[in-house]
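# test case, fold it:
(2 chains)
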Amino acid sequence: MSENQIFTDFEVVELIDEKKINFNKVLFGKNFYLINIWSSWCEPCKDESDKLLELKNDTSIMMIGINYKDKKKNALNFLKLHGDPFDQIFIDKQGTISINFGAYGVPETFLVDEDNKVLKKYIGPLNDKDVYEIKNITNH
Amino acid sequence: MKSKILLTIKILIISILISLSLKNITMASTFSEEQTINITKNLRCLICQGQTIHESNSDFAESMKKYIKGELENGKTDEEIFSSLVEKYGQWIVYDPGISRNTLLLWALPLLLFLIGGAIIGKRILKKYE
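Residues are numbered from 1 along each chain as shown, chains lettered A, B, ... in the order given. Model prediction:
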């Protein structure tokens, strides 16, 4: 998905209890949603974990993680080691959910507004400049 | 004796039905596989150099193949799959872009160049004979 596009609905599976849910139902109750595609085997994902933890403090954002082609055990270990910035985490075992997002790989992050419109798309790990830009958008 | 014949007929009918259903399943999956190949041959691997999704073994291409198979299993047509991927990744993902407002110039340019070239050559020939 590129900027200004609206997410079409598709089914996702939760990491912890493996419950199926429609993604549009997840995007509810907040002004902004930060969707981050990550994996425990992805080195740049480790680099951006502190940036995501910083953004977690912004109460207007719901942090959503999409765990890409990973093992549940490894994913949980990664979160224990690097911190868990996510309010909800979904699994993408085959990489097909990420295709629904129009993603190329990991890490990739989407800032979405309450109308499910993509405001920003970040390919690669988030950096300080990106965090500043996201905070600027969500605090206005 | 009669019951033996009846049993044999029953077994024959059941085995024919089983083989027919197995044939249908195989045919359906082959069809879907062919369709997947046709679609992936017309999709550009966006993270590779000059490869189609069909040719590439990259992580992105493998995910895309699984995604397309899933969409076909869900009953989506080729056109629906292409248009949803163009919506997600842009026109660049398709090797053979259809005629749209964005690609009109691309399609019309060879014809325009041919007409302009023809006009220039025609003009020169006319000038020569005058």
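# for the rest of this, base every contact and every neighbour count on C-alpha atoms.
Noted.
# buried ones in the helix or strand bottoming out on mean pLDDT in chain A?
For chain A, the helix or strand with the lowest mean confidence is helix A:23-26, at a mean of 91 (criterion: mean pLDDT, DSSP states H and E). Residues A:F23 are the ones in helix A:23-26 that count as buried (16 or more other CA atoms under 10 Å in any protein chain shown).
# who's in contact with it?
Here helix A:23-26 makes contact (CA atoms under 8 Å, 6 or more residues apart in numbering or on different chains) with A:T8, A:D9, A:F10, A:E11, A:V12, A:N116.
# ok, those vs chain B, which is closest?
A:T8 (9.7 Å; CA to the nearest CA).
# could you tell me the end-to-end distance of stretch A:7-23?
Between the opening and closing residues of stretch A:7-23 there is a gap of 9 Å (CA to CA, to the nearest Å).
# can I see the domain layout of chain B?
Following the assignment in automatic domain parsing, chain B carries domains at B:2-98, B:99-130.
# how far out from the middle of the chain is the last one?
Same thing as domain B:99-130. 32 Å (CA atoms, centre = their mean, to the nearest Å).
# now do whichever helix or strand B:V86 is part of, average pLDDT.
Counting by DSSP states H and E, the element that carries B:V86 is helix B:78-89. Mean per-residue pLDDT for helix B:78-89: 92.
# which ones among the contacts of helix A:23-26 map onto helices?
Applying DSSP state H to the contacts of helix A:23-26, no entry is found in helices.
# ok, A:D84 - how many residues close by?
19 (other CA atoms under 10 Å in any protein chain shown).
# got it, and B:V94?
Neighbours of B:V94 under the rule other CA under 10 Å: 21.
# need phi/psi at it.
phi -90, psi 130 (degrees, to the nearest 10).
# how about the contacts made by the residue of chain B at minimum distance from chain A?
Relative to chain A, the nearest point of chain B is B:K88 (4.4 Å; CA to the nearest CA). With contact set as CA under 8 Å, 6+ apart, B:K88 has these partners: A:M1, A:S2, A:N100, A:F101, A:G102.
# mind running it again at 7 Å?
Residues in contact with B:K88 (CA atoms under 7 Å, 6 or more residues apart in numbering or on different chains) are A:M1, A:S2, A:G102.
# from B:M64, how far off is the most centrally placed residue in chain B?
Most central in chain B under CA atoms, centre = their mean is B:I39, positioned 2.5 Å from the mean C-alpha point. Shown here: B:I39 relative to B:M64, a distance of 11 Å by CA to CA.
# about what we covered before: can you say which of the domains of chain B is nearest to A:E48?
domain B:2-98 (21.3 Å; CA to CA).
# B:Y67 against A:T96, yeah?
Yes. If you go by CA atoms under 7 Å, B:Y67 and A:T96 touch, sitting 5.0 Å apart.
# spell out which parts of chain A neighbour chain B.
A:M1, A:S2, A:Q94, A:G95, A:T96, A:I99, A:G102, A:Y104, A:G105 (CA under 7 Å from any CA of the partner chain).
# now with 6 Å, please.
Proximity of chain A to chain B (CA under 6 Å from any CA of the partner chain) is limited to residues A:M1, A:G95, A:T96, A:G102.
# if I read this right, the third one contacts B:I68, doesn't it?
No. Counting by CA atoms under 6 Å, no contact exists between A:T96 and B:I68, whose distance comes to 8.8 Å.
# so where is chain B shaky, pLDDT-wise?
B:1-2, B:18-31, B:97-98, B:102 (pLDDT under 70).
# tell me where it has helices.
All helices of chain B, identified by DSSP H, fall at B:2-41, B:59-73, B:78-89, B:104-129.
# output the shortest one as PDB, nothing but the C-alphas.
Which is helix B:78-89. Only the C-alpha atoms of helix B:78-89 are listed here, as PDB (Å, rounded to 0.1, in the frame of the first residue of the first chain):
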ATOM      1  CA  ASP B  78      -6.700 -13.200 -12.900                       C
ATOM      2  CA  GLU B  79      -7.900  -9.700 -13.500                       C
ATOM      3  CA  GLU B  80      -9.000  -9.300  -9.900                       C
ATOM      4  CA  ILE B  81      -5.600 -10.500  -8.700                       C
ATOM      5  CA  PHE B  82      -3.700  -8.200 -11.100                       C
ATOM      6  CA  SER B  83      -5.800  -5.200 -10.100                       C
ATOM      7  CA  SER B  84      -5.400  -5.800  -6.400                       C
ATOM      8  CA  LEU B  85      -1.600  -6.100  -6.800                       C
ATOM      9  CA  VAL B  86      -1.400  -3.000  -8.900                       C
ATOM     10  CA  GLU B  87      -3.400  -1.200  -6.200                       C
ATOM     11  CA  LYS B  88      -0.900  -2.400  -3.500                       C
ATOM     12  CA  TYR B  89       2.400  -2.100  -5.500                       C
END
